[in-house]
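A.B. asks: Kindly return the folded structure for what I paste below:
(chains A, B, C and D)
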Amino acid sequence: MMSTDVHIVIVVILLLNIVVGLVRILRGPESADRMLAAEMFATSAVAIILILAVTTSSPALMDVALVFALLSALAVVTFVSRAWSALNPPQPPKHDGEEDGP
Amino acid sequence: MTLTEWLGTALVIAGVPFLLSGTLGLLRFPDVYTRLHALAKGDNVGLGLICVGLGIQSGSVTVALKLLLIWVLMLIASATGAGLIARTALARGLKPWGL
Amino acid sequence: MMLYLLLASGLFLIGCHGLFASEGMLRKLLALNVLSSAVFLAFVTIARMSDPLDPVPHAIVLTGLVVTVSTTAVALAIVIRLAAGGSDLSRGRREEDE
Amino acid sequence: MAPLASHAYDLLLAGALLWLAWQATHAADLFRSVISFIVFGLLMALAWIRLDAPDIALAEAAIGAGVTGALLLSALGRLTSAPAEKPAATRRWPGTIAVLALAATVLALLGAAAWQLPAPGLGDAVAGHMPRAGVDNPVTGVLLNFRAFDTLLEIGVLLLAVVAIWSLGPTPEPLVPAIPSPALPALGRMLWPMFVLATFYLLWRGTHAPGGAFQAGAVLGAGGILVILAGARPWLTGEDNGPWRWLLSLGVVTMLLAALSTTLIGQRFFEYPESAAAGVILVLEITAAISIAMLLFAAYLNGQPPARWRGYPHS
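C.D. replies: The predicted structure is shown next:
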């Protein structure tokens, strides 16, 4: 079927998208840039998995995408609240966020 | 091919450029804040169009609802993540580009 | 499928090299994780090549994933304590005194 | 699948995985190593899907992207506040060659061992016994019925890991971080019900489709970590006689009870009576999932939690 072929090409393009984006992981320079790249990869991977799930009509893959979507927040939240403030701070970390909180 | 299949495939194809431009922005934009801006397009519109297209194509309500749920979860994650990163970057004294 | 066996071999070599040659505990730990991924990949590829898909390696790999994450957690806890030196312990004692 | 496109997909995936593995183990910057490993896990999930192993893809998504990522990033935050580690310095070539030779030898031996595996595998045997397993998903059948002994030992390893972590001393201090944004507590409140829902869904799916106790437990454990990061005070305490020690060992205890009661009624160890298999597996799945979730969460705490969180520094 023609539409399946189109979908396979789209999947390859999306994977190529991830591979090209790996350059940002290599270059940085801020750790936040690398984190953003990882977030983008998660989005592309979810798109790939969803397309594969519908074209091969295997509902199990949909669950994989669901778990990824559910957990994609976790990495960013851990990064922001745990890792970033400790990673070679440009100035002593002032914990400005505490005043911002509710 | 039926009309719904055409429509679904067209929507999926329409979503891809948004994801690609997200990567382009990630690679070419000068600082964290502008890259956040580029990524949001891919996360929100690109994935959204792909989900809608696949939902139309699958022709089943449960699959479409699950796709919608996945999209909403990704929206929540990307919106909160973008806010957190931008806020923390500002608090840590990263200057936005051009200021 | 041959490609995935080659990929598993490549990952195995990188993991082994990292385990012995890279500096820093955290990198060695990541190398150990890469190494176990390579082994899992080989298992699942072999399972994929047998004609009725063999579910036993899948179950073994699931078990292995959980064992890997437990190993990683214990190793990380030890690495954190090593990096912090004695300071963590003294802080802990103060907490217990209260 | 169109052959050319699928080859391109495999090649891209393999190249990216190899590059990421190299970055994870050899990058000069520690954060780059960790983030490369997290992306490596993401792409491994795509590889599992390509190899028709959706069960493992689910577990990789839940454990790799969730729990391991959070563990590594949190550990990184604690490590870099200590004196910085030296970047990968000068490589001595004789040493590198020796390591690679050793690795290649081990690889060749393992390859030779894999070559001698019995050719058709156990696929036929499992398929032949599936009607008596009590579930429809072959992987769940193997995990909780045919090879339940492995699963018992595996939960035992997880329990042992938590015991080892607790024995290292109390949880390091800044457990609840400074909240950088009001959006974070809202995120925790919004996503927690979703995590619980997804856990039950995966448990229910596990009997007839990919999913099951491990994936469900890992998702719930990751949800607990997210809620902690969103500013909630942990409810898991380390008191001597509290309920938590029982809950942590719930999975092992139930599996042992199931195994022993099968021997008491005259069957072999872990040989469930055929009529009761479905019920036994359901109970085992639920208790194992609860236990795995709690154990993964406890492993994240990096030490024994205090008897009472109230009054604990910075919480």
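
A.B. asks: Any regions of chain A where pLDDT drops low?
C.D. replies: In the predicted model, chain A carries pLDDT under 70 at residues A:1-3, A:85-102.

A.B. asks: quick one: the closest residue to chain A within chain C from residue A:83, how far?
C.D. replies: Using CB to the nearest CB, residue C:83 is the residue of chain C that sits closest to chain A, at 11.4 Å. Any C-beta I mention is one placed from the backbone N, CA and C, and that applies to glycine too. Separation of residue C:83 from residue A:83 (CB to CB, to the nearest Å): 14 Å.

A.B. asks: Please say which of the two ends up with more neighbours.
C.D. replies: Shown here are residue C:83 and residue A:83; by other CB atoms under 10 Å in any protein chain shown, residue A:83 has more neighbours (25 against 19).

A.B. asks: Next up, the contacts around the more buried one.
C.D. replies: The contact partners of residue A:83, by CB atoms under 8 Å, 6 or more residues apart in numbering or on different chains, come to A:31, D:31, D:73, D:74, D:76, D:77, D:80.

A.B. asks: Report the lowest-confidence entry in those residues.
C.D. replies: Least confident entry in the contacts of residue A:83, by pLDDT: residue D:80, with 65.

A.B. asks: so which helix or strand takes in the residue of chain C found nearest chain D?
C.D. replies: Nearest residue of chain C to chain D, counting by CB to the nearest CB: residue C:18, 2.9 Å away. Using DSSP states H and E, residue C:18 falls within helix C:2-21.

A.B. asks: who's in contact with residue A:43?
C.D. replies: By CB under 8 Å, 6+ apart, the neighbours of residue A:43 are A:72, B:19, B:22, B:39, B:42, B:43, B:46, B:47, B:74, B:78.

A.B. asks: let's see 6 Å
C.D. replies: B:42, B:43, B:47 (CB atoms under 6 Å, 6 or more residues apart in numbering or on different chains).

A.B. asks: Okay, buried residues for the helix ranked longest in chain C please.
C.D. replies: Secondary structure assigned by DSSP state H gives helix C:55-84 as the longest helix of chain C. Residues of helix C:55-84 classed as buried by neighbour count (16 or more other CB atoms under 10 Å in any protein chain shown): C:55-81, C:83-84.

A.B. asks: hmm, back to that, which residues are in contact with the helix or strand just after the helix holding residue C:18?
C.D. replies: Next along the chain after helix C:2-21, taking DSSP H and E as the criterion, comes helix C:25-49. Applying CB under 6 Å, 6+ apart, the contact partners of helix C:25-49 are C:1, C:4-5, C:8, C:11-12, C:15, C:18-19, C:54, C:57, C:61, C:64, C:68, C:75, C:79, D:21, D:24-25, D:33, D:37, D:44, D:51-53.

A.B. asks: Centre of the chain to helix C:25-49, how far?
C.D. replies: Centroid separation between helix C:25-49 and its chain, computed with CA atoms, centre = their mean, to the nearest Å, is 7 Å.

A.B. asks: quick one, that helix and helix C:2-21 angle?
C.D. replies: Here helix C:25-49 runs at an angle of 160 degrees relative to helix C:2-21 (axes from the mean of the first three to the mean of the last three CA atoms, to 10 degrees).

A.B. asks: hang on, residue C:59 packs against residue D:139?
C.D. replies: Yes. At 5.4 Å, residue C:59 and residue D:139 qualify as touching, with contact defined as CB atoms under 6 Å.

A.B. asks: For the chain, just list every one of the helices.
C.D. replies: Unless you meant another one, I'm taking chain A. Applying DSSP H to chain A gives helices spanning A:2-27, A:31-55, A:59-78, A:97-100.

A.B. asks: That was the other one, I meant chain D.
C.D. replies: D:3-26, D:30-50, D:54-59, D:69-80, D:93-115, D:123-129, D:138-141, D:148-167, D:183-205, D:213-229, D:243-248, D:250-264, D:277-300.
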